[in-house]
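1. Structure for this input, please:
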Amino acid sequence: MIMSSSRLRIILVCALIGGSLAAVRQALLISGRPQEFCSLAKLVATMQMNFNDNACWREQQLDWYGTIIETLESAEMKRRVSERVKALHPDLKDSSVAIRAIRSKNTSFFNLLATGPDPKYTQIFLGALIDEFFAFRESLL
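-> Model prediction:
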C-alpha cells in the first residue's frame, strides 16, 4: 500500500520537529555546564640509574614514572600548591583545579593538564605545581 502524500508530510514534519527538539535539548544541556579552562605544560623527568639486568631496569623505570604521576596528582601536592598560590597571589580567589599527568609513550616527557573554572588561577596553579614538584624532589635528594 502506498502512503498518501498528506501522511508522508505529517511523518516528515513530526520527524523534523522531533529532531529540532532533540537539538535544542542538547544545546541547553551543554550551555548549562559551568565553563572550564585548561592549561597545559610539559615536564621532562629523567632518571639516571645503571643496571646490568635489563628486566630490572625496565621495572625501576616504570616505578619511577608511576611515582612521578602519583606525586603530581596527589592530594598532598594539591594542598602544597594551593598554599603556594595563596602566599604568592593573595588577591586571587581560591578555585578548584583538577590535575592530570600523562606520560608520552616511550619517553620521559609528561603532559600536565590543569582544568578549572578560572583561567588565571588555573594557569598560575599549574606553574606553582611545577615549582612545588621540583622543590619536593630537591628535598628528597
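
2. Every contact and neighbour count from this point should use C-alpha atoms.
-> Fine.

3. for the protein, what spans make up the helices?
-> All helices of the chain, identified by DSSP state H, fall at 5-31, 54-73, 75-88, 119-140.

4. mind checking which of the ones you listed is nearest I99?
-> I99 lies closest to helix 54-73 among the helices of the chain, at 5.9 Å (C-alpha to C-alpha).

5. how about the closest residue to I69 other than its chain neighbours, what does it touch?
-> Sequence neighbours aside, A101 is the residue nearest to I69 in space, at 5.7 Å (criterion: C-alpha to C-alpha, 6 or more residues apart in numbering). Contacts of A101 were listed using C-alpha atoms under 8 Å, 6 or more residues apart in numbering, and they are 69, 72-73, 110-113.

6. Looking at those residues, state which has the most neighbours.
-> With neighbours taken as other C-alpha atoms under 10 Å, the top of the contacts of A101 is L112, carrying 22 neighbours.

7. I'd like to know the beta-bridge partner residues of it.
-> Following DSSP bridges, L112 is listed with bridge partners A41, A101.

8. Verify the contact between it and V44 for me.
-> No - contact criterion C-alpha atoms under 8 Å: L112 and V44 do not qualify, at 10.7 Å.

9. who touches both of those two?
-> Common contact partners of L112 and V44 (C-alpha under 8 Å, 6+ apart): none.

10. which sections of this structure are below the confidence cut-off?
-> 1-3, 28, 30, 32-33, 47-62 (pLDDT under 70).

11. coming back round to it: could you dump the helices of the chain to a markdown table with distance to K105?
-> Converted to a markdown table, the helices of the chain look like this (distance: least, C-alpha to C-alpha, whole Å):
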| stretch | distance to K105 |
| --- | --- |
| helix 5-31 | 33 |
| helix 54-73 | 11 |
| helix 75-88 | 24 |
| helix 119-140 | 21 |
